[in-house]
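[1] Provided below are the primary sequence and the corresponding predicted coordinates.
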Amino acid sequence: MSISPPSYKQNRLKQLRAFCKTVETKNISRAAEKLFLTQPTISLQIKALERELEVIVFERHGPQIRITPDGELLYEIAKPLLEGIDNLAQTFASKSGRLDSGELTIVAGESTILYLLPEFVACFKEQHPGIHIKLLNETGRDGLAKLRSDAADFAVGPMVEGQADLEYKALFSFEQVLIVPLDHPLTRRNKVTLEDVSPYGLILPPRQLNHWRTVDLVFEQHGVPYSVVLEAGGWEVIKRYVEQGMGISIVNEICLTGKEKLVVIPLESYFARRTYGAVTRRGKFLTPQAQAFLDGMSTFQCSKLPYKLAVAHGREDELNPNELDPRHLPTNIVDLD
């Protein structure tokens, strides 16, 4: 005669789901709504889990709950297990060489979506045409909230610092450069300094953005005055107005395609390179689709990438410029060193 295991062990998966969802929503009632269960059911599942493990995972103060250190440890262990179970079919398909379905959601800002991701997305779709890709144009807190709520698989963008619950892997770095019209007086100088830039009006993104603050900080640190003649949203707008001779600008070279009617002047002695990479929630189980995309970015497995991205990745020596699309070559960059 076989003995059935206790019922709470048979319901282990339900218990862990109830626990993890309560951690994420910080409320038993909201967890119940998310899982389409009743509040008493969620409470019973959590209590059964506590009884089995002989720990307390939540401190209860009336309707308020707060996760305990044991609860935080359990969540760190349980969350990847649940994600692994939820993605079992996709993982099996990937391991068996049949990664041809599923969905991939990426969070990124407008510049990253417009200038950095297109070639990678094109290469990935060519290799995995059956995978549906969603690009969410979110930045700052909104983008990080998507990561923390698992509404996205990962984010791609500038370096993220001071976020203990997130992991960042640098993939590319881009210089901050000066762009001027083709006939501008600065194009005739052997070397351009901030003092040389000072007399000319700058076109910059809106004041509340980080780029403005970076430019302001550099000029302030060097004791050099500057003036802004125009605030404009979006790199494409800024480049167009510089082409029209309405001012000059300091931009992230990520936005330069090589097709602009501009002269690009390095300013590496003043501005640090800006790093871009992948951001994931710490401890998150990456789906096979997400892992395949990130592997492609980190190993640079794409023959269609612009030369600019090869340089930004530190892999230009591995590419043969003769095999690259000449439209991607930085033919209008002035080397002043």
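    Thanks, I have the structure now. Numbering: from 1, shown residues only.
[2] From now on I want contacts and neighbour counts done on CA atoms only, so please keep to that.
    Will do.
[3] Just give me the neighbour total for Gln163.
    11 (other CA atoms under 10 Å).
[4] before we move on, what about Trp212?
    17.
[5] From Arg189, how far out is it?
    In this view, Trp212 and Arg189 are 25 Å apart by CA to CA, to the nearest Å.
[6] do the same with Val107
    Counting by CA to CA, the gap from Val107 to Arg189 is 41 Å.
[7] higher neighbour count, the two?
    Neighbours were counted for Val107 and for Arg189 using other CA under 10 Å; Val107 has more, 27 against 10.
[8] Determine whether the claim that the more buried one is in a strand is correct.
    Yes - per DSSP: H, G, I helix; E, B strand; the rest coil, Val107 lies within a strand segment.
[9] what sits opposite it in the beta ladder?
    Beta bridges link Val107 to Leu136, Ala155, judged by DSSP bridges.
[10] Run a quick check on it versus Pro158, I expect a contact.
    No - the pair Val107 / Pro158 is not scored as a contact, 11.9 Å apart, by CA atoms under 8 Å.
[11] Check which helices and strands the helix or strand encompassing Pro80 is in contact with.
    When elements are assigned from DSSP states H and E, Pro80 belongs to helix 69-86. Under the contact definition 3 or more CA pairs under 8 Å, 6 or more residues apart in numbering; DSSP states H and E, helix 69-86 sits against helix 12-25.
[12] let's see 10 Å
    Under the contact criterion of 3 or more CA pairs under 10 Å, 6 or more residues apart in numbering; DSSP states H and E, helix 69-86 touches helix 12-25, strand 58-61, helix 88-95.
[13] Export those as CSV, with columns for mean neighbour count and mean pLDDT.
    Formatted as CSV, those follow (neighbours: other CA atoms under 10 Å; pLDDT from 0 to 100):
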stretch, mean neighbour count, mean pLDDT
helix 12-25, 20, 87
strand 58-61, 13, 86
helix 88-95, 15, 66
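[14] okay, the ones you listed in JSON lines with distance to Leu116 next?
    Below are the helices and strands packed on helix 69-86 laid out as JSON lines (distance: least, CA to CA, whole Å):
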{"stretch": "helix 12-25", "distance to Leu116": "32"}
{"stretch": "strand 58-61", "distance to Leu116": "43"}
{"stretch": "helix 88-95", "distance to Leu116": "26"}
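[15] Of those, which is nearest Ala292?
    helix 88-95 (9.1 Å; CA to CA).
[16] What segments of the chain are strands?
    Assigned by DSSP state E, the strands in the chain fall at 58-61, 64-67, 103-108, 132-137, 154-158, 166-174, 176-181, 202-204, 228-231, 249-252, 262-266, 274-281.
[17] CA-only coordinates of stretch 204-216, as CSV, when you get a sec.
    The C-alpha trace of stretch 204-216 is given here as CSV (Å, rounded to 0.1, in the frame of the first residue of the first chain):
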residue,chain,number,x,y,z
LEU,A,204,21.2,70.8,-26.8
PRO,A,205,18.5,68.5,-25.6
PRO,A,206,16.0,69.8,-23.0
ARG,A,207,17.5,71.1,-19.8
GLN,A,208,16.0,68.4,-17.6
LEU,A,209,17.8,65.6,-19.4
ASN,A,210,21.1,64.1,-18.3
HIS,A,211,23.0,65.1,-21.4
TRP,A,212,22.5,68.8,-20.7
ARG,A,213,23.7,68.3,-17.1
THR,A,214,26.8,66.5,-18.4
VAL,A,215,27.7,69.3,-20.8
ASP,A,216,27.1,71.9,-18.1
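[18] change the start of the numbering to 25 and stick with it
    In the new count, where the first residue is 25, that last one comes out as stretch 228-240.
[19] in it, what counts as buried?
    Leu228, Pro229, His235, Trp236, Val239, Asp240 (16 or more other CA atoms under 10 Å).
[20] what's the most distant pair in those residues?
    Pro229 and Asp240, at 11.9 Å, using CA to CA across the buried residues of stretch 228-240.
[21] re earlier: quick one, which of the strands of the chain gets closest to Glu107.
    Proximity to Glu107 (CA to CA) singles out strand 298-305 among those, at 12.6 Å.
[22] Also compute the angle for that closest one relative to strand 190-198, please.
    160 degrees (axes from the mean of the first three to the mean of the last three CA atoms, to 10 degrees).
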